[in-house]
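Visitor: Provided below for reference: sequence and predicted model.
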4 protein chains.
Amino acid sequence: MSENKITFLIQCHDSKGIISKVTTFFYEEGFNILSCQQFTDNIQESYFMRISLDAQDLKYSRKELIFKFAEVADALNLQWRVHFTSDKENVAVLASKTTHCLFDILEKHGEGKLQCNIPLIISNHESLKYVADQFGIPFHYLPIDSENWIAQQEKILNLMTEYQIDLIVMARFMRILSSEFISAYQEKIINIHHAFLPAFQGANPYRRAYERGVKMIGATAHYATDDLDEGPIIEQDVERVSHASTPASLAQIGSDIERKVLSKAVKYHLDHRIIVTGNRTIVFPETED
Amino acid sequence: MSENKITFLIQCHDSKGIISKVTTFFYEEGFNILSCQQFTDNIQESYFMRISLDAQDLKYSRKELIFKFAEVADALNLQWRVHFTSDKENVAVLASKTTHCLFDILEKHGEGKLQCNIPLIISNHESLKYVADQFGIPFHYLPIDSENWIAQQEKILNLMTEYQIDLIVMARFMRILSSEFISAYQEKIINIHHAFLPAFQGANPYRRAYERGVKMIGATAHYATDDLDEGPIIEQDVERVSHASTPASLAQIGSDIERKVLSKAVKYHLDHRIIVTGNRTIVFPETED
Amino acid sequence: MSENKITFLIQCHDSKGIISKVTTFFYEEGFNILSCQQFTDNIQESYFMRISLDAQDLKYSRKELIFKFAEVADALNLQWRVHFTSDKENVAVLASKTTHCLFDILEKHGEGKLQCNIPLIISNHESLKYVADQFGIPFHYLPIDSENWIAQQEKILNLMTEYQIDLIVMARFMRILSSEFISAYQEKIINIHHAFLPAFQGANPYRRAYERGVKMIGATAHYATDDLDEGPIIEQDVERVSHASTPASLAQIGSDIERKVLSKAVKYHLDHRIIVTGNRTIVFPETED
Amino acid sequence: MSENKITFLIQCHDSKGIISKVTTFFYEEGFNILSCQQFTDNIQESYFMRISLDAQDLKYSRKELIFKFAEVADALNLQWRVHFTSDKENVAVLASKTTHCLFDILEKHGEGKLQCNIPLIISNHESLKYVADQFGIPFHYLPIDSENWIAQQEKILNLMTEYQIDLIVMARFMRILSSEFISAYQEKIINIHHAFLPAFQGANPYRRAYERGVKMIGATAHYATDDLDEGPIIEQDVERVSHASTPASLAQIGSDIERKVLSKAVKYHLDHRIIVTGNRTIVFPETED
């Protein structure tokens, strides 16, 4: 078995025979199915599937595979997409002043734990340049204020196009993206919010967590949508805190949750494990493949 | 060392010498200090302390101890209260239809893990009578509707007085208590809310958690206040869930969190480990004493 | 969709086309596949699958289904077994003196959370009779000492046969079963060990955990085998503890982990989610079906 | 309140009046007690205390404070030590080939989360030099084989003396230190073992965890003693795994637990929160001070 895989993500209205027909198609095309995960949503009557194939079994062109599968898909009324893992995705990281999320992503990427290219880091502050330099990644400083924010977003979009960015990771980037920006990258912008959503949406979640006297704090990674902190949640985690925590110490404890959650979410996305349905995500758990 | 303890809970404005003066007082009165926990809130400039003494060291009457300590307290401007653990508190449990929280409390009480008396269980449904019977505890059925709710609350208050209730535990009791009721039992009503506050306050938290697509659900035990689900949080916990969970399965998973959290909060209260400050709680962690 | 399901558990040497052929068989027999989970063990080159079908789709007898599937299975060299969820399993609970695990199982069973019959409880002490009585389940007291243990195991085996027991749950039952006993119920005896295996096998794990100064304790549910505490692990969980814990308080904290872990393991077994492979278990996670 | 603190760690045989006398001493010397944590071990009849004072309140020399406190300590038969937080400890990090633990420490140190100096990194491989360079810390490459290991340990000890090292952190350093080495740095060598001790002591814990089929894996930070992986445990943590994990994926999941646990243990040590008693540690939990 080679390293490279072909991953199909499929969704449709639930009905009999889907798994049989889809798996049979791949079998008859000569593929070894490395992994087949599915989920039947009985409430929405929807069906979701993730199939991972050994890329070595592809005996003809990608175009042909896509064409052939499209026929099956049309017959079964499937929505679908396919990813070839040998094509690494290009990921842009947006950061502001906090280091930890940016660090974690760059470190995991450097160790080969995140299969992607990171062509650039963009920040509205200069202070994180040293981190980008440490990892040898181009750093673009774009200072932002209320007047120039729209123009700067234009610049960012241009950079995204120039570098053929597939995924934008907002690693504690503290500006709110416009609707236009978000539409351009629907389900391709992952944001980390430093609270356990839907608690403490918006600004100063650590201070507000302190004031509410919660006994656990958390972080949430989600796809950015027009509504701040309301997009589909990908991953969350928490840690216990106590009355002894202050907003400052909550931020410290929270930083380790944020980095873990964001990196996990980015990995799920890069491994093509996520299907967005409505405002929720189906996340096919990590098996080997 | 005997089983019985004398627990002092103290708070005041922070200043030098409090721990020295208080511990010296007890030492000079012949007490062995079993446990001394403190917390200095630098933000509020407040000081909180919990001291646990060996009741066997009390060589005179309780009245005398209280009188003597009051002098120290006045000199230091302390707010304080004292509990003698040989006096078991009387706990009333209010329940509606769900069994698990009620069960957990009765089971732990039966095994001596909750040091208290449970003289009665009150419910607005008859369905839980069998649980009360299993544990041999008097069951009071008080049907409730929007017309009679105020009158029924009167009845409940009368029962609380009659049975000399010190703590009311709302074990998934689904009616909202009036301001008058709550004032009568300030910081003596513990409620379990089946969500991770401040997320999903109010009704149907499991359905709303499902709709929001959260990846973890939780439960929160808090003191009831006039504002629904907004009172000081005592304890919280969470469990991981996934896209595969439905509102029904979330309620199942949640039930085990609710019972654990409620019983823990009740134990903290009965062990006199909680001081309420503003809308937050100081919870002195469990050591042996 | 009805409540009742037909669950197939399958294993074989990994090869191409299994999922296609198996799912196609069920589809062609008119079944709606409610759930299909698989796992490819690349190290052992083994393949495991759990398929859950809507029992309502069975248009002929069970015998026929078994016969037909056997043909597919033979052709593919599958090891397999099938369960019809409308057939509730008979579960016997063995207990000694601790209540909490027994309580949790009886409570969950009473609330319909464990789909099974519990025809009897067996104990080598009388002290738990009141728990059996609370739940209205026949209690068999079998006092045990080193002389009569073999004879008593005979008696227990006879009871197992008499009540057509499918699963034996050792809920902190503190005697070691003989090889003969265990062979009679291979992979049908679930034991809870009050430690996080493989740490602290054998006696007094809480005391030994205290002495080792661990910062977390746990419990492990596993299938009983000839080697004490070495059988395939089904489920484990942990809780944080501190230097302040004594063997006694560790036992208290541990009791809540034990009950949770044992009940979870029993549920996995009753839901036919477990395949034992070597000394490990494949546990297909809980989805709705 | 200034940033700098004076931390006393005290232990003795338990008896009446210790907290009173010690806190009164500090009060009378003009100190504000920022934090006072104690633990009475009823089994060993020992008493432990950690007191944190505002360094700004020190109105005379350190020598004088030490002299004065020594008198109190002698009278009460206390074992004690004092730390002045303005004196940063010198920490040496020993690493082999894995990056993650080293990275986490250097990153947290760079962000001011670990209050110490890191004058050097020593490794028996060259591959981690780039990490040391990234953080601008001198890297000493000392290749090791069975013949030169004793000599190399001499070199390391010399470097420890030269750099006045107070704490040695073994960040997945894979050689076993000699008794002589360990005696030289009693309770000053923190090792991370990539398993949840006492499970899987020694080599290849991830492979062995895989073979045992555990459902959780963990990591343990402990003080190194003569007996491999048997020293006093400082901190542990776990993560859930499943049958789908291989030794390789366990190592990946484990890496994030290892780094978190090691950094936490190092911080506890640097914050003077640990007292070793027998083979266990008292760890005074983190409050603000």
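Guide: Noted; the coordinates are in hand. Numbers count the residues shown, from 1 in each chain, chains lettered A, B, ... in the order given.
Visitor: and the residue of the stretch 51-200 of chain A nearest chain C?
Guide: Proximity of the stretch 51-200 of chain A to chain C (C-beta to the nearest C-beta) peaks at residue A:57, 8.6 Å away. Every C-beta, even on glycine, is put in place using the N, C-alpha and C of the backbone.
Visitor: per-residue confidence for that residue?
Guide: pLDDT, residue A:57: 96.
Visitor: So it sits against residue A:28, correct?
Guide: No. Assessed by C-beta atoms under 8 Å, residue A:57 is found out of contact with residue A:28, at 11.7 Å.
Visitor: between the two, who's got more neighbours?
Guide: residue A:57 (17 against 11; other C-beta atoms under 10 Å in any protein chain shown).
Visitor: what's the helix or strand for residue A:80?
Guide: Secondary structure assignment for residue A:80, by DSSP states H and E: strand A:79-84.
Visitor: Need the contact partners of that strand.
Guide: A:4, A:6-12, A:55, A:62, A:65-66, A:69, A:73, A:272 (C-beta atoms under 8 Å, 6 or more residues apart in numbering or on different chains).
Visitor: and which of those is nearest to residue A:225?
Guide: For the contacts of strand A:79-84, the closest approach to residue A:225 (C-beta to C-beta) belongs to residue A:11, at 18.9 Å.
Visitor: In contact with that closest one, which residues?
Guide: Here residue A:11 is in contact with A:46-49, A:78-80, A:275, A:277 (C-beta under 8 Å, 6+ apart).
Visitor: Quick one: the strands in chain A, in order.
Guide: With strands called from DSSP state E, chain A shows them at A:5-13, A:33-41, A:46-54, A:79-84, A:89-95, A:116-123, A:139-141, A:167-171, A:189-193, A:216-223, A:233-240, A:274-277, A:280-283.
Visitor: hmm, stretch A:203-219 touching chain B?
Guide: Yes. Counting by C-beta under 8 Å from any C-beta of the partner chain, chain B has neighbours in stretch A:203-219: A:211-216, A:218.
Visitor: I figured residue A:216 hits residue B:196, correct?
Guide: Yes. With contacts counted by C-beta under 8 Å, residue A:216 reaches residue B:196, the gap being 7.4 Å.
Visitor: who touches both of the two?
Guide: A:196, B:218, B:236, B:238.
Visitor: burial of the residue in the stretch 51-200 of chain A that chain B sits nearest to, as a residue count?
Guide: Nearest to chain B in the stretch 51-200 of chain A, going by C-beta to the nearest C-beta, is residue A:199, at a distance of 4.3 Å. Neighbour count of residue A:199, defined by other C-beta under 10 Å: 25.
Visitor: Surely it touches residue B:201?
Guide: No. Look at residue A:199 against residue B:201 with C-beta under 8 Å: they stay out of range, at 9.9 Å.
Visitor: In terms of pLDDT, where does the closest residue to residue A:23 other than its chain neighbours sit?
Guide: Spatially, and ignoring its direct neighbours in sequence, residue A:23 is nearest to residue C:20 (4.2 Å; C-beta to C-beta, 6 or more residues apart in numbering or on different chains). Residue C:20 is assigned a pLDDT of 96 by the prediction.
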